[in-house]
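Enquirer: Okay, here's the prediction I keep looking at, along with the sequence it came from:
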Amino acid sequence: MQLTPADVRKVASLARLKVTDAEVLSLTTDLTAILGYVDVLNELDTTGIEPMVHAVELHNVLRADSLVESLPRTAALSNAPRSDGECFLVPAIIEA
């Protein structure tokens, strides 16, 4: 597929991008090459291949939830610039 500078200007306008004439010429060449590669991919026989969301299979890599000791409240509050003994005190940022 051969793009024209007018095509690139239209896409840039739709994306609200300001492009110079030099950028339009460069993008026309680059995007035409990219679309040419996509045309090659479209020629592949994908019969029997399941559609997928990612190129590689994703696995849950998160650790299992487990109950662990946490930092005691007094130790956590001892590092705070301001506290009331039970909670951190921070400046109000939302007006009521």
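Expert: Great, that's in hand. Numbers count the residues shown, from 1 in each chain.

Enquirer: Other residues contacting the helix-or-strand element of the chain with minimal mean pLDDT?
Expert: Ranked by mean pLDDT, DSSP states H and E, the weakest helix or strand in the chain is helix 73-78, scoring a mean of 92. Contacts of helix 73-78 from elsewhere in the structure, counted by CB atoms under 8 Å, 6 or more residues apart in numbering, are 83, 85-88. Heads up, the C-betas are built off the backbone N, CA and C, glycines and all.

Enquirer: Between which two of those residues is the distance greatest?
Expert: Using CB to CB, the pair of the contacts of helix 73-78 lying farthest apart is G85 and F88, separated by 10.7 Å.

Enquirer: and the gap between the residue of the chain most remote from its centre and L77?
Expert: Largest separation from the mean C-alpha position in the chain: G85, at 40.6 Å (CA atoms, centre = their mean). Going from G85 to L77 by CB to CB, to the nearest Å gives 7 Å.

Enquirer: and what of M52?
Expert: For M52 relative to L77 (CB to CB), the value is 49 Å.

Enquirer: List the buried residues for stretch 14-29?
Expert: Neighbour-count burial for stretch 14-29 flags 19, 24, 27-28 (criterion: 16 or more other CB atoms under 10 Å).

Enquirer: make that stretch 68-85, sorry
Expert: For stretch 68-85, burial by neighbour count (16+ other CB under 10 Å) applies to 77, 83.

Enquirer: and that stretch, how far from the chain's centre?
Expert: Taking CA atoms, centre = their mean, to the nearest Å, the mean C-alpha location of stretch 68-85 is offset from the chain mean by 35 Å.

Enquirer: what packs against the lengthiest helix in the chain?
Expert: Longest helix of the chain, by residue count under DSSP state H: helix 21-42. Under the contact definition 3 or more CB pairs under 8 Å, 6 or more residues apart in numbering; DSSP states H and E, helix 21-42 sits against helix 5-14.
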